[in-house]
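Here is a sequence with its predicted model. Questions after.
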Amino acid sequence: MSTRKSAITARSEPITLRPLMHIGVSFKMYLDRQRTRQWCAAVAGIAKRHPAVRSGGVELVIFPSLPAMESSMVACADGPVVFGAQDLFWADRGAYTGAVSGADLADMGCCYVEIGHAERRGLFGETNAIVAKKVAAAARNGLIPWICIGEPESGPADAAATYCIEQLNASLAELGRATPIVVAYEPRWAIGQPAAASSAHVNTVACGIKASLGDRPGMAGTPLVYGGSAAPGTLTALGKAVDGLFLGRFAHDIAAFERVLDEAAELMSA
């Protein structure tokens with residue numbers, strides 16, 4: 001079982017990846033502080049009793065908005081839940097108005113940080129070079145980068161795999177050594193849509209990305225999760241092709257979220 005805590009305490013040692021499956025939930029800027037806190041309290045209760053999470057087989061990672069971070073951590077303080085930030089800056093200290101330091105996120109008790117989401121790239125103009133700097137900043141502060149990659153348009157799966165591998169390689173360009181990461185495959189054309197990408201498409205792309213990671217020293221077995229309109233049923237459809245899901249708006253429904261955990265338990269027991 002993972003020994004990581006959601007308490008608001010600093011960590012002096014880098015953390016490592018142990019679970020079989022990762023389920024992440026990003027709230028983007030959908031929910032206010034009160035609703036986020038209420039959701040977290042309810043999910044902490046589910047996590048404490050759900051066999052998939054209690055066994056350590058599933059790592060449950062919540063990515064609230066930064067203003068809701070500490071109160072959400074308090075709401076989950078006695079539950080097997082860990083937290084991630086939705087972004088960080090590439091420098092730890094300096095004259096960077098409005099930026100968020102990875103050192104401060106680690107001090108707050110974050111374990112993960114989401115980097116390179118399609119919305120950050122599209123709305124804020126983040127390039128592969130910026131993503132690479134942020135990945136390095138996360139790693140040096142003992143945070144696990146949760147790196148988002150995905151092709152911009154729907155097309156052949158083999159072409160999508162090539163695009164994603166190039167994007168991931170660029171994202172890792174400033175890492176001086178192998179470090180634990182989670183790769184979130186999120187085809188941009190599937191984000192915010194009624195349904196996820198097809199299982200055949202995801203399977204082909206995921207296999208290509210995993211094979212590429214296996215060629216990098218120390219990165220074989222890196223978890224790869226799927227995001228992009230992921231919902232109840234997605235994990236069952238994808239099966240062993242992925243190592244979890246990155247959920248968005250479909251996870252706002254507590255009952256729907258618990259069904260995803262049920263699917264994870266079924267897959268692990270199969």
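Right, received. Where do you want to start?

ok, the residue nearest the centre of the chain to residue 115 distance?
Centroid check for the chain by Cα atoms, centre = their mean gives residue 146 as the closest residue, at 4.6 Å. Residue 146 sits 7 Å away from residue 115, going by Cβ to Cβ, to the nearest Å. All C-beta spots, glycine's among them, are computed from the backbone N, C-alpha and C.

State the pLDDT value of the residue nearest to residue 22 when sequence neighbours are not counted.
Once flanking residues are discounted, residue 22 sits nearest to residue 244: 3.9 Å by Cβ to Cβ, 6 or more residues apart in numbering. Residue 244 carries a pLDDT value of 97.

Likewise for residue 194?
pLDDT for residue 194: 92.

same deal with residue 10?
For residue 10, pLDDT reads 41.

what mean pLDDT does stretch 116-134 have?
Mean predicted lDDT for stretch 116-134 stands at 97.

and that stretch, C-alpha only, in PDB?
Output of stretch 116-134 as PDB, limited to C-alpha atoms (Å, rounded to 0.1, in the frame of the first residue of the first chain):
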ATOM      1  CA  GLY A 116       1.400  20.600 -20.300                       C
ATOM      2  CA  HIS A 117      -2.400  20.300 -20.500                       C
ATOM      3  CA  ALA A 118      -3.900  21.100 -23.900                       C
ATOM      4  CA  GLU A 119      -5.600  24.200 -22.400                       C
ATOM      5  CA  ARG A 120      -2.300  25.500 -21.000                       C
ATOM      6  CA  ARG A 121      -0.800  25.100 -24.400                       C
ATOM      7  CA  GLY A 122      -3.700  26.500 -26.300                       C
ATOM      8  CA  LEU A 123      -4.900  29.300 -24.000                       C
ATOM      9  CA  PHE A 124      -1.600  30.400 -22.500                       C
ATOM     10  CA  GLY A 125       0.700  29.600 -25.300                       C
ATOM     11  CA  GLU A 126       2.900  27.000 -23.500                       C
ATOM     12  CA  THR A 127       5.400  25.400 -25.800                       C
ATOM     13  CA  ASN A 128       7.300  22.100 -25.500                       C
ATOM     14  CA  ALA A 129      10.300  24.100 -24.200                       C
ATOM     15  CA  ILE A 130       8.200  25.600 -21.400                       C
ATOM     16  CA  VAL A 131       6.700  22.300 -20.500                       C
ATOM     17  CA  ALA A 132      10.200  20.800 -20.300                       C
ATOM     18  CA  LYS A 133      11.300  23.500 -17.900                       C
ATOM     19  CA  LYS A 134       8.300  22.900 -15.700                       C
END
